[in-house]
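whatever this is, show me its structure:
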Amino acid sequence: MIIKHFVRVICFCLVINSSAQNLLTKDGLKTGLWIEKDTTDSWDTRIGNYKLISQDTYTIVDTLSDWWYMIRYPGLQKMILLQTDKIHNGFISVRDSIWQVYDSTNRLVERQSWKEGIHIASTNLNNVGNTDSSFYYDLQKGVQYEYEYREEKLYKKASKSLIDENMLEVNEFYPNHNLIISNAEPQLNVLLGSNKSATFSLRLSCKSDLKIFSITSTSGKVLIKPTNESFPIPIRAKENVTVWLSFTPDMETFPMGGRDTLLVETVENNQTITYKIYCILFATHVWLHNLSHLKKLTVSQSNDKYLFVSPMGTITSAYLKGNKKAESQSVSFGDGDFIKFDLHKFPPGRYRLHIMSCNDDGKVWVRIKK
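Okay, here's the model as predicted:
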């Protein structure tokens, strides 16, 4: 109701002050309140203010387009994006203060904060007006913060240095809650031909004493085994407990880029609280990270059943060729499919696998056994 009332107030003010919006200086620079519609994006209507600043305010490192520039912000190693409308006679017209973004139904979908052309903060809203994600540049500390919300909870807080590009990103999961999870997005990658399964060491701790009642897999793909413990597991504040996760793909039924959600049930202050861990499951013979050095590969019709190649760019094409049989396949990135050669269609023998993609190309000798 507050948001709807706020939108009505804005619309009313814009009507009675229509003569004071979308103004240009004599040099054609935008200034003051503007309502902008992006004709390339049906949901994009933006309301906010433009401000005139000196062209010497920033050191421009690179020009990306007529309105986007890379600048060197004082004290930061990482370059920052600057958006301008126009540069003329030593002045720049830039976005400043609060901007609101609406979709085609006039629903508020994003709140933006700008500081003299720099997009320093943003909050994205879902269909019911709750926060989906947000980010914030702390230019004084030189840190970029990103926040992700799931089921109306702050799920992840990520921080990245803008001063030292060699510093790794730090992720905190459920930062406002008691349970501390080392990684709520574990990847269990199986490199077929070398391994049949993958394991992951998950560390759990807490800010105040609690009890882990259970950890269950919603799909049954991931097996869970606590170290030297059985459920329920009591944990004292700042004490660590290790839980081992393992994944063995089924060659016949598993989609090679799969997922599983783990439910962690805890008892805290006599209340049951559920945390979710989102596992990323991956299995393949050839992928982007081994293509450059993989020269030979042996697969069997009985054990492997298929030869898998993961997507490596917008389009990935693979060609498996031998003396008696040849086959080519292509997949598009993002559609969830892997290239999948049925080994039973190829007589045992030596084949040449040719792979072409946007990110890398390569050739691998493949030996197919029974």
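
make it CA atoms for all contacts and neighbour counts henceforth
Noted.

which strand residues sit across from Gly362 in the sheet?
Ile355 (DSSP bridges).

tell me how far it lies from Asn189.
With distances taken as CA to CA, to the nearest Å, Gly362 is found 21 Å from Asn189.

same question for Ser332.
21 Å.

neighbour count: those two, which is higher?
A side-by-side neighbour count of Ser332 and Asn189, using other CA atoms under 10 Å, places Asn189 first with 21 against 17.

where's the residue nearest to that one when sequence neighbours are not counted, which helix or strand?
For Asn189, ignoring the flanking residues on the chain, the nearest one in space by CA to CA, 6 or more residues apart in numbering is Phe282 at 4.7 Å. Following DSSP states H and E, one finds Phe282 within strand 271-284.

mind listing what's buried in that strand?
Ile273, Tyr275, Lys276, Ile277, Cys279, Leu281, Phe282, Ala283, Thr284 (16 or more other CA atoms under 10 Å).

for Val299, state which of these is nearest.
The nearest member of those to Val299, counting by CA to CA, is Thr284 at 11.8 Å.

surely that closest one and Met312 touch.
No: taking contacts as CA atoms under 8 Å, Thr284 lies outside contact range of Met312: 12.0 Å.

strands of the stretch 251-370 of the chain, residue ranges please.
257-268, 271-284, 296-300, 306-309, 315-321, 326-332, 339-342, 349-357, 361-369 (DSSP state E, counting those that start in this stretch).

most tightly surrounded among the ones you listed?
Across these, averaging neighbours per residue (mean count of other CA atoms under 10 Å) puts strand 306-309 on top, at a mean of 23.

if we can go back for a sec, rebuild the strands of the stretch 251-370 of the chain as a markdown table, extending it with distance to Tyr69 and mean pLDDT.
Listed next are these as a markdown table, based on distance: least, CA to CA, whole Å; pLDDT from 0 to 100:
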| stretch | distance to Tyr69 | mean pLDDT |
| --- | --- | --- |
| strand 257-268 | 37 | 91 |
| strand 271-284 | 36 | 93 |
| strand 296-300 | 46 | 93 |
| strand 306-309 | 39 | 91 |
| strand 315-321 | 30 | 90 |
| strand 326-332 | 32 | 81 |
| strand 339-342 | 40 | 90 |
| strand 349-357 | 31 | 92 |
| strand 361-369 | 33 | 93 |
